[in-house]
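> One predicted model, sequence on top.
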Amino acid sequence: MALTVETGAGLPDADALVSLAYVDAHHEAQGNAGWAGEDAAKEAAIRRASRYLSNSYRWQGYKLRARAQSLAWPRSGVVDDEGNGIPSEEVPDEVKQACAEIALRELEAPGAMTPDYTPSERIKAEKFGPVSFEYDMSRTDAESVRPVLLIVRDLIGPLLSHRGGSRLAGSAVRG
């Protein structure tokens, strides 16, 4: 099934922030040999990456078509880290590049960005003969098991909302 790529119009049925051709060109330019395989598998990875970007971050501004659009972009009221407004009828290059990077991980390991997590099954300590291991239990929430792709964080960080904190960056206030 072909991708329905967001055009900047806030489509109600878009399932991709980028086209297969865009992601192919991105990974070819980066020399990422891992981006190989059948187009159907690549398209599925792009869909998962687009859904992950749309659902896992708190973005600045507002969806162009509010709840009528299926993905998080396009948006109005977004500025980059230099204070430049992002046109409301586009998916920014930073988001497209991040989607391509996530799609690579999703192609290599489907579901890698959204692992299942059951807190009660977390192993606190293990012993193998005379060797024992104790694991850091300071974070026990589901966010702690999500992979952190630094390239994605660096690309989209300036476009994220800092109101009330986000999953990627937040505000600290001392009283």
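Perfect, thanks for sending it.
> Poorly predicted segments of the chain, please.
For the chain, the stretches flagged by pLDDT under 70 are 117-124, 135-146, 163-175.
> What helices and strands are in contact with the longest helix seen in the chain?
The longest helix of the chain (DSSP state H) is helix 39-56. Here helix 39-56 touches helix 20-30, helix 93-108, going by 3 or more Cβ pairs under 8 Å, 6 or more residues apart in numbering; DSSP states H and E. Using the backbone N, CA and C atoms, a C-beta is placed for each residue, glycine as well.
> ok, and what's touching the longest one?
Identification of contacts with helix 93-108 by Cβ atoms under 8 Å, 6 or more residues apart in numbering yields 16-18, 22-23, 26-27, 32, 34-35, 37, 41-42, 44-46, 48-50, 52-53, 73, 80, 112-113, 147, 149, 151-152, 155-156, 158-159.
> Next, the angle helix 20-30 makes with it.
90 degrees (axes from the mean of the first three to the mean of the last three Cα atoms, to 10 degrees).
> All further residue positions should be reported with the first residue as 573.
I'll keep to 573 as the first residue from here, and by that count the last item is helix 665-680.
> Tell me what angle helix 665-680 forms with helix 611-628.
Helix 665-680 and helix 611-628 are oriented at 120 degrees to each other (the same axes, to 10 degrees).
> buried sites along helix 665-680?
666-679 (16 or more other Cβ atoms under 10 Å).
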